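1. dropping the sequence and predicted coords here.
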Amino acid sequence: MGDIGAGGAERGNAVSGTGWPRSGTTRRIGVLLYKGFSLLSIGVVPEIFHLANEIAERQRDDGLLYDVKFYSTQGGDVECSSSVNVWTQECDATKNLGFDALFIADGGDLTEVTRDERVRQWLRVVVPSTKIVSGIGKAAALIDTMQLRPDSYRSSLLQSNTDPSQAKAPSNRANRYEPTKTALMLVGWDLGQEAVKDISRKLSANGFATLTPLIADARADTAIEKVRASARWLKENCDRPISVSDAVNVSAMSERNFLRCFKQEMGVTPSEYLLQARLDLTSRMLAETDLSIDKIAKRCGWTNGDRLAKIFRRRFSLTPSEFRQRERGTGQQKA
């Protein structure tokens, strides 16, 4: 008997509206186990985050990136279906405020888990404050049965723009590897797809050959798609006092990866893109309305007229009033 030390399907995954943490923070990863769980379905998940920590240590110098902990009803050793013991912490609702990602193992008989009020209460407290919940098979059913799925599907993390209720039931194979795909996607958002490839190669070399076809699946929402979606969000919300940090959260990417991908895809930085969106809106309002400069400034996200005036003088060598006169004069000449 061995020992391991602790350190969906669209249906199987639940995503809250809260974005993935920004770069520079430690992600809290929880794994819920119970007697007879399938080590095959969940065992690769902590290994993925272990390898990701090694990569992160080479890339950054601000501490542990992923902190993975195992949990069970009473804590202590939990035996999986292949007679391997895993050390766990107890499910104590008074000591946990949620995770960045929570994985629930498959296999065995969930009857004991579903009847255990201690685990049920722990899940009721933890899930609403957890950003991603990934469970497969019976574990996914547990999420649904207890109605633990977060209310919001608007996050771009794992869901498409389609109605989640219309998603097709996954095949058993796809369902089986859902936690692995989720873990790879999280690493991709933090460290980029090269890190995903590197981890997948190492795992494949160690006997996880089935991971190879999952690399492409881990790009369900590609960086390009996320960048374009965040660009649309910036344009649609430029009339509010938003910032690039807000766009980073919307994209569900690490800040470093987001800034790099945005510049590559859009040709400008997010700050420049937001500035241009506000200038376009401001120019139209100056030319087409009689609103005061200060009111236009507030309606275009500039905070006040003084800030708007500084931007216009720097960009057009004109005050907003002079710009309005020029635009209206040009319009009259065309008429």
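-> Perfect, I can see it now.
2. past the helix or strand harbouring residue 30, which element shows up next along the chain?
-> Taking DSSP states H and E as the definition, residue 30 sits inside strand 27-32. Downstream of strand 27-32, the first helix or strand assigned by DSSP H and E is helix 39-42.
3. ok, residues contacting the following helix or strand past that next one?
-> Using DSSP H and E, the helix or strand that follows helix 39-42 in sequence is helix 44-59. Residues outside helix 44-59 that contact it (C-beta atoms under 8 Å, 6 or more residues apart in numbering) are 7, 29, 31, 64-66, 68, 70, 103, 179-180, 183-184, 187, 190-191, 195, 198-199, 202-203, 208, 211. All C-beta spots, glycine's among them, are computed from the backbone N, C-alpha and C.
4. so which of those residues belong to helices?
-> If you go by DSSP state H, the contacts of helix 44-59 have 179-180, 183-184, 187, 190-191, 195, 198-199, 202-203 in helices.
5. report the two of those separated the most.
-> Across the ones in helices among the contacts of helix 44-59, the longest distance by C-beta to C-beta is 19.5 Å; it joins 179 and 198.
6. so for the two, which sits in the more crowded spot?
-> Neighbour totals were compared for residue 179 and residue 198, and residue 179 leads with 28 against 17 (other C-beta atoms under 10 Å).
7. right, and residue 227 touches residue 258 too?
-> Yes - here residue 227 reaches residue 258: they are 7.4 Å apart, a contact under C-beta atoms under 8 Å.
8. about what we covered before: which helices and strands does the strand holding residue 30 pack with?
-> helix 44-59, strand 66-72, strand 101-104, helix 117-126 (3 or more C-beta pairs under 8 Å, 6 or more residues apart in numbering; DSSP states H and E).
9. quick one: list the elements packing against the shortest one.
-> Just to be clear, that refers to strand 101-104. Judged by 3+ C-beta pairs under 8 Å, 6+ apart, the packing partners of strand 101-104 are strand 27-32, strand 132-135, helix 138-145, helix 178-191.
10. looking at these, which is closest to residue 275?
-> When these are compared by C-beta to C-beta, helix 178-191 sits nearest residue 275, at 25.8 Å.
11. okay, the angle between that closest one and strand 27-32?
-> Computed by axes from the mean of the first three to the mean of the last three C-alpha atoms, to 10 degrees, the angle separating helix 178-191 from strand 27-32 equals 170 degrees.
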